[in-house]
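S.K.: here's a sequence, model it:
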Amino acid sequence: MSQASFLHRQALHLRPDPARVIVRPFKPATEPRDLNPTDKTRANHIVERLLALDPKVAASLLADVLENFQGRHRNLVETFELRADEMEDALAAHDVFSETQRQLLGAYFLNEYSFEASALFNPSIVAHPDQSGAPEGGLRFILSLRAVGEGHVSSLTFRTGTIAADGSLAVDPPTRLASSPRISHRIPGPLGDEVGVTFEEDMDISERVIFPVTEYQSQGIEDARFVQFSDGGRTTYYATYTAYTGRAIRSELLETNDFRSFRMTPLQGNAARNKGMALFPRRIDGKYAMIARQDNENLYLIYSNDLYRWDGGRAILKPQFPWEFVQIGNCGSPIELDEGWLLLTHGVGPLRKYSIGAALLDRNDPAKVLARSVDPLLHPEPSEREGYVPNVVYTCGAMRHNDQIILPYAVSDSYSNFATIEIAALMRAMS
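M.R.: Next comes the predicted model:
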């Protein structure tokens, strides 16, 4: 099976970097918020040992910690203080703490986490909301990536880059530092909390890491499918993603205007209980529309009057060709062309080999399938077959630029690369 002649692989390999770390709460034995002040838990024992230190020894220890870790994180003293604030329940049974003791306490109840040590994959791409400095005839983009670290916990990270007028690509190097956001609000809901998070304004976007912040996300924020959504002249960036507890999954929605402040909301309805939902970039006949896979096999078209509730749906694409006999799924939000909605798909074939194909849907009635790719556009080359999950190429979203599709894709659940597709040749190849 040969690769489509109109698809061109790039050499922009984005590989995981274990040197990029964030700090996360360290929670020995019992969650601090669950501690009874009279209980003698590991947390209490740590606090007692710290309080027994001579003040000069404590000051020297704090200085050593700061010297050792200061260049690896921003605002480290403030981070220690905030962690100490979160430990108030564990501190209630003890005497008043000095500033040095509180900062040391925060340090003892934090740990570094190498959030992309294992994998950097399943990308999606959208135009940057700030196009200042874009090349003439080109544009700036934001790439989202799923990062995986110790314990197979998934988080969301970003890169920026440019596309030149001729379609050539460049990715900006990431910053050395990485940081989690502060929680700006938390609103209880019927399916769990709506949570807002905000990053510092002076952070480079590659420094921003959205780590799980709710119980339902505790094991991961997986496979964000970003889309630039237009509605009445207003542009909003949405991403559907999978929240994973380690036992159960559900679809949630992330919303932002600037990639600095984000809102995460659980989706409701029977269609939101599965993976792989992808939002159309505009309303269709006044309704929101999604492509989703509700039965682990076929692709469905779903409409909703409410962006946050999704029920029902109609199967519009089923496995048809050998490379997709096991199942098909979407590879991101549909892309609007003059010819119709271009929907990139993934298909699973023998030995669970993942390939990327395409379908063309009617612009006015996306339930009508106008054409499909008989053969995959992209499948694992010999050099791309090895990884955490072998024999997989996968994407969570591409974008159009002039007469090309810019396709970031993951390689065997390990790292990411790019390809470009000539739109006119793709249209001719579909039947």
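
S.K.: partners of the helix or strand that contains residue 121, with directions?
M.R.: Per DSSP states H and E: residue 121 is located in strand 119-127. Sheet partners assigned to strand 119-127 using DSSP bridges are listed as strand 139-148 (antiparallel).

S.K.: just checking, next helix/strand downstream of the strand it pairs with?
M.R.: Next along from strand 139-148, by DSSP H and E: strand 154-163.

S.K.: so how far does stretch 268-288 reach from one end to the other?
M.R.: The straight-line separation of the ends of stretch 268-288 (Cα to Cα, to the nearest Å) is 14 Å.

S.K.: now it: buried residues?
M.R.: Neighbour counts using 16 or more other Cβ atoms under 10 Å place 268-269, 271-272, 274-281, 283, 288 of stretch 268-288 among the buried residues. (Glycine included, C-beta is placed from N, CA and C.)

S.K.: now find how far off-centre that stretch is within its chain.
M.R.: When distances are taken as Cα atoms, centre = their mean, to the nearest Å, stretch 268-288 is centred 18 Å away from the chain's centroid.

S.K.: again, but for stretch 115-133
M.R.: Chain-centre distance of stretch 115-133: 9 Å, with Cα atoms, centre = their mean.

S.K.: and what of stretch 383-396?
M.R.: Relative to the centre of its chain, stretch 383-396 is centred 18 Å away, using Cα atoms, centre = their mean.

S.K.: which residues are contacting it?
M.R.: Applying Cβ atoms under 8 Å, 6 or more residues apart in numbering, the external contacts of stretch 383-396 come out as 118-119, 121-124, 144, 146, 223-226, 331-332, 344, 346, 351-356, 378-380, 407-415.

S.K.: now do stretch 359-370: distance to the chain's middle.
M.R.: Offset of stretch 359-370 from its chain centre (Cα atoms, centre = their mean): 28 Å.

S.K.: now residue 28: closest residue in space that isn't a chain neighbour?
M.R.: Spatial nearest neighbour of residue 28, excluding adjacent residues (Cβ to Cβ, 6 or more residues apart in numbering): residue 42 at 4.2 Å.

S.K.: can you map out the helices along this structure?
M.R.: Using DSSP state H, the helices of the chain run over residues 42-51, 55-69, 76-86, 88-91, 99-108, 423-429.

S.K.: please identify the most buried of these.
M.R.: Among these, helix 99-108 has the highest mean neighbour count (mean count of other Cβ atoms under 10 Å), at a mean of 21.

S.K.: list the contacts of it.
M.R.: The contact list for helix 99-108 (Cβ under 8 Å, 6+ apart) reads 26, 46-47, 50-51, 55, 58-59, 61-62, 65, 77, 79-84, 87, 91, 97.

S.K.: and if we set it to 7 Å?
M.R.: 46-47, 50-51, 58-59, 61-62, 65, 77, 79-81, 83-84, 87, 97 (Cβ atoms under 7 Å, 6 or more residues apart in numbering).

S.K.: now do stretch 5-24
M.R.: By Cβ under 7 Å, 6+ apart, the list of residues contacting stretch 5-24 reads 72-73, 79, 110-120, 145, 159, 169, 171, 178-180, 209, 211, 377-378, 415-422, 425-426, 429.

S.K.: please enumerate the strands of the stretch 251-400 of the chain.
M.R.: 261-266, 278-279, 288-292, 299-304, 314-317, 327-330, 335-337, 340-348, 354-361, 369-372, 393-394, 399-401 (DSSP state E, counting those that start in this stretch).

S.K.: make JSON lines out of those strands and add mean pLDDT and distance to residue 17.
M.R.: Compiled in JSON lines, these are given as follows (pLDDT from 0 to 100; distance: least, Cβ to Cβ, whole Å):
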{"stretch": "strand 261-266", "mean pLDDT": "98", "distance to residue 17": "23"}
{"stretch": "strand 278-279", "mean pLDDT": "98", "distance to residue 17": "28"}
{"stretch": "strand 288-292", "mean pLDDT": "97", "distance to residue 17": "33"}
{"stretch": "strand 299-304", "mean pLDDT": "97", "distance to residue 17": "34"}
{"stretch": "strand 314-317", "mean pLDDT": "96", "distance to residue 17": "37"}
{"stretch": "strand 327-330", "mean pLDDT": "96", "distance to residue 17": "28"}
{"stretch": "strand 335-337", "mean pLDDT": "98", "distance to residue 17": "30"}
{"stretch": "strand 340-348", "mean pLDDT": "98", "distance to residue 17": "26"}
{"stretch": "strand 354-361", "mean pLDDT": "98", "distance to residue 17": "25"}
{"stretch": "strand 369-372", "mean pLDDT": "98", "distance to residue 17": "38"}
{"stretch": "strand 393-394", "mean pLDDT": "98", "distance to residue 17": "20"}
{"stretch": "strand 399-401", "mean pLDDT": "98", "distance to residue 17": "25"}
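
S.K.: reformat the ones you listed as a markdown table; add distance to residue 151.
M.R.: Putting these into a markdown table (distance: least, Cβ to Cβ, whole Å) gives the following:
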| stretch | distance to residue 151 |
| --- | --- |
| strand 261-266 | 21 |
| strand 278-279 | 28 |
| strand 288-292 | 28 |
| strand 299-304 | 32 |
| strand 314-317 | 35 |
| strand 327-330 | 26 |
| strand 335-337 | 35 |
| strand 340-348 | 26 |
| strand 354-361 | 24 |
| strand 369-372 | 39 |
| strand 393-394 | 22 |
| strand 399-401 | 32 |
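
S.K.: looking at the ones you listed, which is nearest to residue 199?
M.R.: For residue 199, the closest of the strands of the stretch 251-400 of the chain is strand 261-266, at 7.6 Å, according to Cβ to Cβ.

S.K.: what are the pairing partners of that closest one, and which direction each?
M.R.: strand 194-198 (antiparallel), strand 249-256 (antiparallel).

S.K.: would you mark the buried spots in the first one?
M.R.: Under the neighbour-count criterion of 16+ other Cβ under 10 Å, strand 194-198 has 194-197 buried.

S.K.: again with stretch 132-140
M.R.: 134, 138-140.

S.K.: next: stretch 308-318.
M.R.: Applying 16+ other Cβ under 10 Å to stretch 308-318 flags 308, 310, 313, 316-317 as buried.

S.K.: okay, how far is it across it, tip to tip?
M.R.: 26 Å.

S.K.: use 26 as the first number for this chain going forward.
M.R.: From this message on, residue numbering opens at 26, which makes the last subject stretch 333-343.

S.K.: who touches that stretch?
M.R.: Stretch 333-343 has contacts (Cβ under 7 Å, 6+ apart) with 278, 290, 292-297, 315, 317, 319, 323-327, 329, 353, 370, 384, 392, 394.
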